[in-house]
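Asker: A structural model of the following input is requested.
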Amino acid sequence: QVQLVESGGGLVQAGGSLRLSCEASGTIFMINVMAWYRQAPGKQRELVAAITNGGSTNYGDSVKGRFTISRDNAKNTVYLQMNSLKPEDTYTYYCAADYTNDLTLLGNPHYPMDYWGKGTLVTVSS
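Answerer: Numbering: from 1, shown residues only. Sure, this is the predicted structure:
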C-alpha cells in the first residue's frame, strides 16, 4: 500500500503562485509515475501534470508554460509549482501514483491510477 498526503493549497490572487507538495509513504519502490489531477464538483477529472522516476514529464494543455512538476526521490515527494494562476485554476488538486511508466495513459481522465491522496483545495480569486 502507498499513502499520499498533499499540502500547500489555499487562497491566492490571480497572477500569484502556489506550490503543492505530495509526500508518499509505504511500499513505494515499485511506483513509477506520480501525477497531479484536478477536479471540481460536477466536472470531469483533468490531468495537470505527471512525472516518471526517470524525470519524463507530461502536462495538461491548460497549464503548459505555467505549472512545473518535479520530484525529490530522497524525500519521496513530488511538487507542483503553479505560477500565473487564473480563477479557472480553482479546483481540488489530487496527487496520484501508479505502477505504469507510460505517461500517455494518464491523459485519459478515466485511467484508474493505483493510489490517490485526499486532495487539497486551490482557490484563485480575481
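Asker: centroid residue for this protein?
Answerer: For the chain, the residue nearest the mean C-alpha position is residue 36 (1.5 Å; C-alpha atoms, centre = their mean).
Asker: So that residue: helix, strand or coil?
Answerer: For residue 36, the assignment made with DSSP: H, G, I helix; E, B strand; the rest coil gives strand.
Asker: ok, the residue located most distally from the centre of the chain - contacts?
Answerer: Largest separation from the mean C-alpha position in the chain: residue 126, at 22.8 Å (C-alpha atoms, centre = their mean). Applying C-beta atoms under 8 Å, 6 or more residues apart in numbering to residue 126 gives the contacts 14, 87. C-beta coordinates here come from the backbone N, C-alpha and C atoms, glycine included.
Asker: For the residue nearest to the centre of the chain, give its distance to residue 99.
Answerer: Distance, residue 36 to residue 99, by C-beta to C-beta, to the nearest Å: 17 Å.
Asker: likewise residue 71?
Answerer: For residue 71 relative to residue 99 (C-beta to C-beta), the value is 16 Å.
Asker: So which of those two has more stuff around it?
Answerer: residue 71 (18 against 12; other C-beta atoms under 10 Å).
Asker: isn't there a helix covering the more buried one?
Answerer: No: read with three-state DSSP, residue 71 is strand and lies in no helix.
Asker: Beta-bridge partners for it, please?
Answerer: Bridge pairing for residue 71 (DSSP bridges) gives the partners residue 78.
Asker: show me the contacts for it.
Answerer: Contact analysis of residue 71 by C-beta under 8 Å, 6+ apart lists 34, 51, 55, 77, 78, 79.
Asker: if you set the cut-off to 7 Å instead, what comes out?
Answerer: 34, 51, 77, 78 (C-beta atoms under 7 Å, 6 or more residues apart in numbering).
Asker: of those residues, closest to residue 114?
Answerer: residue 34 (11.0 Å; C-beta to C-beta).
Asker: Many thanks, I have nothing further to ask.
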